[in-house]
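Participant: Structure of the sequence below:
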Amino acid sequence: MEKYENMKIVFVSGVTAGVEWAKTILKSNYKISAFFTYDELKKKNYSDFGDFDSLSDEYDIPQYKITGNINDIENIEIIKKIEPDLILVLGWSQLLKSDLIKIPKIGVFGSHPTLLPKYRGRAPIPWTIIKGLKKSGLTFFWITEGVDNGDILDQREFLISNDEDSTSLMKKIMSVGKIMLIENLEQIQNGIITRKKQNESDFVEEWPKRTPEDGKIDWSKPAKDIQTLIRATTHPYPGAYTIFKNKKIKIWKAEIEGNDIKGFGKIVSVSKTHVKISTGKGNIIIKKISTDDIDKALAFDESEEINLNKIFDNSSVGESLN
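Facilitator: Alright, predicted model coming up:
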């Protein structure tokens with residue numbers, strides 16, 4: 001059993017969870033030899049864009065910001081010179097090819113926030129909420145040239161609450177991931193390498209990519225469905241939205257009221273704390289919003305939310321949202 005006491009790690013990530021996980025690894029005295037991250041030019045394409053600059057500076061770790069593809073020959077050559085024992089790919093949209101996968105001595109492992117192989121594909125956090133799953137998990141798996149189909153290194157399950165949203169689910173995943181990383185890096189360092197084949201009979205479906213346009217609210221749908229969309233697309237994602245007076249209004253938090261009112265998409269009432277909107281069944285109580293006047297980037301946080309009464313007031317009652 002070969003041990004890797006001074007294990008060299010190349011860390012590939014472009015998301016906020018990756019930043020937090022890298023911090024955990026470094027604070028546990030593991031060596032990251034290089035970061036490969038998204039260039040700022042790609043920020044508009046990723047709602048949960050992760051900034052590794054401070055971490056790179058603090059620990060004096062070289063950072064290579066990718067404008068093209070991680071599989072480009074110049075990146076392959078850099079990684080070959082590092083001679084890593086292990087490559088971690090924790091939040092990266094591009095699939096790795098064999099020339100990269102075969103470089104590290106131990107292998108390449110990645111993460112997927114579902115219980116593989118049940119649910120593969122894109123946007124797993126929003127889809128988990130949209131699909132109404134009652135439990136999910138985080139899977140670490142050894143990356144091959146396929147899509148989320150490599151042998152499982154580790155997997156942890158957790159429950160999904162009825163009011164779970166993308167913000168709370170992301171925090172849950174990051175917390176579980178920190179524990180899994182330290183436990184598994186310790187095992188790998190000691191030469192204990194776990195590889196468990198995925199049971200393809202457990203596969204359910206592969207989720208497609210989501211775009212900001214998928215957040216458009218259809219007010220003819222039941223309030224429950226609309227609130228689910230809002231929970232699924234809230235921070236750090238682009239948000240569910242509607243149009244009011246030719247302005248795009250993004251809704252970050254809402255509640256459900258059961259009373260049915262004739263018509264849908266109508267503003268029923270306005271107060272300092274909420275705006276009530278009729279739907280195909282029941283009402284939506286809007287609690288937090290922002291507008292395109294405020295949003296300058298796709299990576300949203302609560303600092304960009306605005307007071308409801310900057311958009312809605314008593315004169316708005318009876319008007320429609322599109």
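
Participant: what about residue 264, neighbour count?
Facilitator: By other C-beta atoms under 10 Å, the residues close to residue 264 number 23. Where you see a C-beta, it was placed from the backbone N, CA and C, and this is true even at glycine.

Participant: same deal with residue 94?
Facilitator: 14.

Participant: Next, count neighbours for the nearest residue to it once chain neighbours are set aside.
Facilitator: Distances taken as C-beta to C-beta, 6 or more residues apart in numbering place residue 70 nearest to residue 94, at 5.3 Å, with adjacent residues excluded. Using other C-beta under 10 Å, residue 70 has 21 neighbouring residues.

Participant: wait, isn't residue 70 in contact with residue 14?
Facilitator: No - here residue 70 lies out of contact with residue 14, judged by C-beta atoms under 8 Å, at a distance of 9.7 Å.

Participant: ok, now how distant is the residue nearest to residue 94 from residue 122?
Facilitator: Residue 70 sits 17 Å away from residue 122, taking C-beta to C-beta, to the nearest Å as the criterion.

Participant: that older thread, so the residue nearest to residue 94, which of the three states?
Facilitator: Three-state call for residue 70 (DSSP: H, G, I helix; E, B strand; the rest coil): coil.

Participant: Next, find the distance separating it from residue 114.
Facilitator: From residue 70 over to residue 114 (counting by C-beta to C-beta), the distance is 22 Å.

Participant: check contacts around residue 105.
Facilitator: Contacts for residue 105 (C-beta atoms under 8 Å, 6 or more residues apart in numbering) come out as 4, 83-86.

Participant: meant to ask about residue 67, not that
Facilitator: By C-beta under 8 Å, 6+ apart, the contact list for residue 67 reads 39, 41-42.

Participant: now residue 5
Facilitator: With C-beta under 8 Å, 6+ apart, residue 5 has these contacts: residue 189.

Participant: And for residue 117, the neighbour number?
Facilitator: Residue 117 has 21 neighbouring residues, counting by other C-beta under 10 Å.

Participant: Apart from its chain neighbours, what residue comes closest to it?
Facilitator: That would be residue 198: by C-beta to C-beta, 6+ apart, it lies 4.2 Å from residue 117.

Participant: Mind pulling the model confidence for that neighbour?
Facilitator: Per-residue confidence at residue 198 stands at 97 (pLDDT).

Participant: now swap in residue 46 and tell me
Facilitator: For residue 46, the predicted pLDDT is 76.

Participant: for it, phi and psi?
Facilitator: For residue 46, the backbone dihedrals are phi -130, psi 120 (criterion: degrees, to the nearest 10).

Participant: Over to residue 315?
Facilitator: As for residue 315, its main-chain torsions (degrees, to the nearest 10) stand at phi -70, psi -10.

Participant: what's the spacing between it and residue 256?
Facilitator: From residue 315 over to residue 256 (counting by C-beta to C-beta), the distance is 26 Å.

Participant: any low-confidence regions in the stretch 1-150 of the chain?
Facilitator: Residues of the stretch 1-150 of the chain that meet the criterion pLDDT under 70 lie in 1.

Participant: for the longest strand seen in the chain, packing partners?
Facilitator: Of all segments of type strand in the chain, defined using DSSP state E, the longest is strand 247-257. Secondary-structure packing of strand 247-257 (3 or more C-beta pairs under 8 Å, 6 or more residues apart in numbering; DSSP states H and E): helix 223-233, strand 240-244, strand 283-291.

Participant: Correct me if wrong: residue 172 contacts residue 158.
Facilitator: Yes - with contact defined as C-beta under 8 Å, residue 172 counts as touching residue 158 (6.0 Å).

Participant: Now the helix ranked longest in the chain: buried residues?
Facilitator: If you go by DSSP state H, the chain has its longest helix at helix 166-189. Within helix 166-189, the residues that qualify as buried are 166-167, 169-170, 172-174, 176-178, 180-182, 184-185, 188-189, counting by 16 or more other C-beta atoms under 10 Å.

Participant: Now tell me what touches the next helix or strand after it from outside.
Facilitator: Going down the chain from helix 166-189, the next helix or strand is strand 205-207, by DSSP states H and E. Residues outside strand 205-207 that contact it (C-beta under 8 Å, 6+ apart) are 119-124, 127, 147.
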